[in-house]
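Undergrad: whatever this is, show me its structure:
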Amino acid sequence: MQLRRSISRSGLRDSLGRGLDRILGAIHTAAPDTEIILVVFYNPFSISNPGTDGLWRHNYASPERDAARRNGARVADASEIVNGARVCQLTFLCASGDSHPNDAGYRRIGDQIFHVAFHRHLDGDDD
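TA: Below is the predicted model of the structure:
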């Protein structure tokens, strides 16, 4: 709890939100008819620091979701896929300390992005 308060006071959440607002706003200005999908990253510290998932969600995933909502972007949440024991199955983190997804991880994250991108169209709402 103390660490969460320290990070909140540091302005990290606000800074992340402002940065994403600028980026998403610039993309929307440059291409107003483009559908934007923000991919929320998973916690790369979950293996070395297992108790950090709540902190990660609060300080990274939550501001990303909020910025997406403010800017009309859709969200593909990779942390819904890459978490817990699946971190070792879907990334190189446990094998070599590399937090990037392996082929299986990229496939699952890609499927999530595809689902988010085309879900609206599959439901018949393709404004």
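Undergrad: least trustworthy helix or strand in the chain by mean pLDDT?
TA: The weakest-scoring helix or strand in the chain, judged by mean pLDDT, DSSP states H and E, is helix 2-10 (a mean of 55).
Undergrad: beyond that one, next helix or strand please.
TA: helix 12-30 (DSSP states H and E).
Undergrad: after that following helix, which helix or strand is next?
TA: Next in sequence after helix 12-30, counting helices and strands by DSSP H and E, comes strand 37-40.
Undergrad: now do the buried residues in that following strand.
TA: Using 16 or more other CB atoms under 10 Å as the test for burial, strand 37-40 gives 38, 39, 40. Just so you know, the C-beta spots here come from the backbone N, C-alpha and C atoms, and that holds for glycine as well.
Undergrad: and those, which is closest to residue 13?
TA: Relative to residue 13, the closest of the buried residues of strand 37-40 is residue 40; by CB to CB it sits at 14.1 Å.
Undergrad: need the contact list for the closest one.
TA: Taking CB atoms under 8 Å, 6 or more residues apart in numbering as the criterion, residue 40 is in contact with 60, 61, 64, 65, 75, 76, 77, 78, 79.
Undergrad: using TSV, please lay out the buried residues of strand 37-40 together with pLDDT and distance to residue 111.
TA: Below are the buried residues of strand 37-40 laid out as TSV (pLDDT from 0 to 100; distance: CB to CB, whole Å):
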residue	pLDDT	distance to residue 111
38	96	17
39	96	12
40	94	15
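Undergrad: same list (those residues) but as JSON lines, adding distance to residue 28.
TA: Below are the buried residues of strand 37-40 laid out as JSON lines (distance: CB to CB, whole Å):
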{"residue": "38", "distance to residue 28": "12"}
{"residue": "39", "distance to residue 28": "17"}
{"residue": "40", "distance to residue 28": "18"}
